[in-house]
Structures are given as structure tokens and as C-alpha cells.
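Participant: Build the 3D model from these lines:
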Amino acid sequence: MSKRTFLFLIVIAILMAIFAVSMVQAATDPSPANPGGSDSAVPWWAWPLILLIVTFVMGILAVLGGVGGAVLYTPIIGGFFPFGMDFVRGAGLFVALAGSLAAGPGLLKKGLADLRLAMPVALIASTTAVMGAMVGLALSDAIINTAMGVAILIIVVIMFLAKKSEYPDVQTADKLSSILRISGVYHEPSSDKNIDWKIHRTIPGLILFVGIGFMAGMFGLGAGWANVPVLNLVMGAPLKVSVATSKFLLATTDTSAAWMYLNAGAVIPMIVVPSIIGIMLGSLVGVKILARSKPSAVRTVVLTMLVFAGLRALLKGTGIWK
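Facilitator: Predicted coordinates:
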């Protein structure tokens, strides 16, 4: 990626934050269920348009930075828009769910996403995601913002330190993965070879997914940021299989939690629809840019945005920056 393109992306990210802040300041009497209410300086129809623009840019950066859309969506929209956190988390789960449903079938057909690997993980993560959603809906916005701010900053550290291995060296499959027959073969086009793979450390990996599912439901972040490191580095699945299976997993994990928010009335079409459209359109553009760019450069922009959003959520939750 050229320096000019990199600087352009940084400017876009900064403008997006400034734009969101200015819209928040313009809304004099925001209501979670009706952000652009009668006393607001911003008309109701402006909010879907603002969301469409912001999430479009977010979708581009999510693809280039190698993260799910929801991990950017929830802290940024929750921190800078005058929407109730329940509504933001509900929309965030649907944003992650939309991307997973769009990509999942194709990944399964190509043999990259593996059902035997996904099913035990999905069972655990989707169950704890429901519990996380119940806890999230029961807590106040201040507590959620504070906890999410801390969680986002921890995610930044994990993303910064995490190393990825294309083909982990798993000498012997453990007993549980052998019983469940979690192994497979996929074709690697770059080397024109069939890659045999198996996993180990299955029990520690499944235990980690208890916490991942809970956080996904509680904060509405999706779980792609954590799925891939656990599948790849802990359990030993190849990187491509980990990424594809993680994308497929979101369709189960996020669906469970999303239904809880939907049942509680915390899913508003005026927020969800433009968000999903914006993220999906931005992702299409991001895929085209990705072919000619270095994701590592944009990853810096994404991490910077997450630090900013995490600090904003933390300060908002503690009442230092309202």
C-alpha cells in the first residue's frame, strides 16, 4: 500500500470520528428508541443516513484490517452516537450475523469451513452467548460501557500480540478430537496441494470458547477477533480453516444472542438496516482494495480506532466523558 493511500485511510478514520462526535453534540435530547426525536436538532431521517456513511467506511476498514465488522461497530457507534447500548449491541450482533450468513455457505462448499470443528465450539459458544446477552440486558449502560471499554482495550492487546501460523505443526491429534473425528483436508491453490490437518488441545480450546461466547453476547461484538487465535494457535487448525470456520461460527453464536435482544425489543430497523447495508457495501469495496494493499498497514489504523473507541467507552461509563 502506498503512503498516500495509507494517509488517506487515516484521514477517513479521523473524519469519521469527528463526524460522529459532531452529530452527538447536535442531538440535544437523544432518546434510545428515537434518536432523532422531536427535541433533537438532527431530524430522524438523518440518523439512518449517518449510519450508512459511517458503517460503509467501517466495512472497508474491517476487511482491510482483518477484523469483523461488529468489533468496530459496537464500541464506535455506542461511544459516539446517542443510542442506548442495548440497541447498539443488538444491531452489532445482526451486523456480524449478516456477514457470516453471506460468507458461510461458500466457505463450506470450498471445504475451508469445517462442520466437525465448528459444531462442538458452536454448541458451547452459542449457549454462553445467550447467558451473556441476558446479563448485558440486565446491566446499566454505565456498567456495560465501562466493562466494554476494558474488554476492547484487552482485545487491542490480543490483536497486537497475536501471531498467526499458516500451518501449525500438530504431531498427534488428542483423544477428544479423535473421538469427534475433527480433522480434514483442504486444497491450497497457492501451492496446488491438498493439506491434511488435525487439532490438539481440544479441551482448553473449548473452555476458552465459554468466555468468548459470553463476551460476544454481553457486548454485541461478534467473536471473530477471538475465534481465529484460539482455533489456530491453541487448537492447531490451519489459518485458512480457522478463519473460514470462525466466519461460519458467527452464524450460530450471534444468532443465539441476537434473538435475546430481538425478544427484548432492543432491535430497531432504523438502526439495524442501514448498518447492515453500510457494512456489506463497505466490505465489497474493501475486498477489491485488499488485493492491492497490505492489511498490516491498515491494521494499525484499526487498532488506533479501537483504542480510541475503547477509551471513549471506558470514560463514558465512568462518567468522565459523557
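
Participant: Which positions in whichever strand or helix holds Gly213 come out as buried?
Facilitator: According to DSSP states H and E, Gly213 maps onto helix 202-219. For helix 202-219, a neighbour-count test (16 or more other C-beta atoms under 10 Å) marks 202, 205-206, 208-209, 212-219 as buried. The way it works is simple: take the backbone N, C-alpha and C, and place the C-beta from them, glycine included.

Participant: ok, so of these, who is nearest Ile182?
Facilitator: Of all these, Thr202 has the smallest distance to Ile182: 7.2 Å, by C-beta to C-beta.

Participant: was I right about the closest one contacting Arg181?
Facilitator: No: Thr202 lies out of contact with Arg181 (C-beta atoms under 8 Å); the separation is 11.8 Å.

Participant: Which residues are in contact with each of the two?
Facilitator: Residues touching both Thr202 and Arg181 (C-beta atoms under 8 Å, 6 or more residues apart in numbering): none.

Participant: Let me see the contact set for the closest residue to Lys193 other than its chain neighbours.
Facilitator: Once flanking residues are discounted, Lys193 sits nearest to His187: 7.6 Å by C-beta to C-beta, 6 or more residues apart in numbering. His187 sits next to 111, 193-195 when contact means C-beta under 8 Å, 6+ apart.

Participant: Helices along the stretch 101-250 of the chain, start to end?
Facilitator: Counting by DSSP state H, counting those that start in this stretch, the stretch 101-250 of the chain has these helices, from start to end: 115-138, 141-161, 175-179, 202-219, 224-229, 239-263.

Participant: Arrange the ones you listed in CSV, one row each, with mean pLDDT and distance to Gly92 as further columns.
Facilitator: Converted to CSV, the helices of the stretch 101-250 of the chain look like this (pLDDT from 0 to 100; distance: least, C-beta to C-beta, whole Å):
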stretch, mean pLDDT, distance to Gly92
helix 115-138, 89, 11
helix 141-161, 82, 10
helix 175-179, 91, 32
helix 202-219, 90, 8
helix 224-229, 76, 12
helix 239-263, 81, 9
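
Participant: okay if I get those helices as CSV plus distance to Tyr73?
Facilitator: Listed next are the helices of the stretch 101-250 of the chain as CSV, based on distance: least, C-beta to C-beta, whole Å:
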stretch, distance to Tyr73
helix 115-138, 15
helix 141-161, 12
helix 175-179, 34
helix 202-219, 11
helix 224-229, 12
helix 239-263, 12
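
Participant: Lys316 is nearest to which of those?
Facilitator: Lys316 lies closest to helix 141-161 among the helices of the stretch 101-250 of the chain, at 4.9 Å (C-beta to C-beta).

Participant: re earlier: so which of the contacts of His187 sit within strands?
Facilitator: 193-195 (DSSP state E).

Participant: which of the residues you listed tops the neighbour count?
Facilitator: In terms of neighbour count, Ile195 stands highest of the ones in strands among the contacts of His187 at 15 neighbours, by other C-beta atoms under 10 Å.

Participant: Distance of that one relative to Tyr167?
Facilitator: Applying C-beta to C-beta, to the nearest Å, the value for Ile195 to Tyr167 is 7 Å.

Participant: Could the C-alpha coordinates of stretch 195-208 be exported in PDB?
Facilitator: Extracted in PDB, the C-alpha atoms of stretch 195-208 (Å, rounded to 0.1, in the frame of the first residue of the first chain):
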ATOM      1  CA  ILE A 195      -3.400 -30.000   3.100                       C
ATOM      2  CA  ASP A 196      -4.200 -32.700   5.800                       C
ATOM      3  CA  TRP A 197      -4.900 -31.200   9.200                       C
ATOM      4  CA  LYS A 198      -5.900 -32.300  12.700                       C
ATOM      5  CA  ILE A 199      -6.100 -30.500  16.000                       C
ATOM      6  CA  HIS A 200      -4.900 -30.900  19.600                       C
ATOM      7  CA  ARG A 201      -5.600 -29.200  23.000                       C
ATOM      8  CA  THR A 202      -9.300 -29.500  22.300                       C
ATOM      9  CA  ILE A 203     -10.500 -29.200  25.900                       C
ATOM     10  CA  PRO A 204      -8.600 -26.000  26.700                       C
ATOM     11  CA  GLY A 205      -9.900 -24.600  23.400                       C
ATOM     12  CA  LEU A 206     -13.500 -25.400  24.200                       C
ATOM     13  CA  ILE A 207     -13.100 -23.900  27.700                       C
ATOM     14  CA  LEU A 208     -11.800 -20.600  26.100                       C
END
